[in-house]
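[1] make a model of this:
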Amino acid sequence: YDGNISKTLRHYLKLNKFDNNKVETLLNDLKKYLFKYKIIFSDPTSVNVLCKRLSEDDYKLIIIDGLGSKRKDIKLFFSMYFSSYRNYKTYKQWEKFISNIKRVKEKIRLNQKL
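    All right, here's what the predicted structure looks like:
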C-alpha cells in the first residue's frame, strides 16, 4: 500500500495499534483461510505473522514462518492422507495461536518483557 515493510502482529499489539474488534476481525479472517485450506500453523506465534497494510485502515495477516510439519514422521503422513487428522491439527494449532496472542496481550498490559 505505502511501500513500507510489514511488521509483525506482536509489533502492532505492543503499539496498541488495533482495538479488540479489529484484532478479532483480523484473526477471524486468518482462521477462515487456515480452515478453508486445512493449513497447519505448526509454530503459532505472533512473530510468525505479519500485518500487511492494504489501505489506510485495512490490514491482512500473513503467516511468514511455521507452516506445515516440523519433521518427517507418522504425524506428517497422517496430516497428508487423513483430512480428519489435518482438521484436528489445524484446530489444535489455532487454539495454541489464540493462547499465544492472549499471553502476549497480557504481558503487554502488565508491561512485562516478551
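[2] count the neighbours of Ile108 for me.
    15 (other Cβ atoms under 10 Å). Every C-beta, even on glycine, is put in place using the N, C-alpha and C of the backbone.
[3] I figured it was touching Ser46, is that so?
    No: using Cβ atoms under 8 Å, Ile108 and Ser46 do not qualify as a contacting pair, with a distance of 10.4 Å.
[4] which residues do the two both contact?
    Counting by Cβ atoms under 8 Å, 6 or more residues apart in numbering, the shared contacts of Ile108 and Ser46 are Leu13.
[5] tell me the confidence at Ile98?
    Per-residue confidence (pLDDT) for Ile98: 98.
[6] nearest spatial neighbour of it, skipping sequence neighbours?
    Nearest in space to Ile98, with sequence neighbours left out and distances taken as Cβ to Cβ, 6 or more residues apart in numbering, is Leu27 at 7.3 Å.
[7] got it, and Asn4?
    Setting aside the residues directly before and after it, Asn4 is nearest to Arg53 in space (Cβ to Cβ, 6+ apart), at 7.1 Å.
[8] I'd like the distance between that neighbour and Lys96.
    26 Å (Cβ to Cβ, to the nearest Å).
[9] now for Phe77, how many residues are close by?
    Other residues close to Phe77 by other Cβ under 10 Å number 12.
[10] er, Leu13 I mean
    Neighbour count of Leu13, defined by other Cβ under 10 Å: 19.
[11] tell me the SS of the nearest residue to Asn87 once chain neighbours are set aside?
    Spatially, and ignoring its direct neighbours in sequence, Asn87 is nearest to Lys38 (6.4 Å; Cβ to Cβ, 6+ apart). When classified by DSSP: H, G, I helix; E, B strand; the rest coil, Lys38 comes out as coil.
[12] surely Lys38 touches Ser84?
    No: Lys38 lies out of contact with Ser84 (Cβ under 8 Å); the separation is 10.4 Å.
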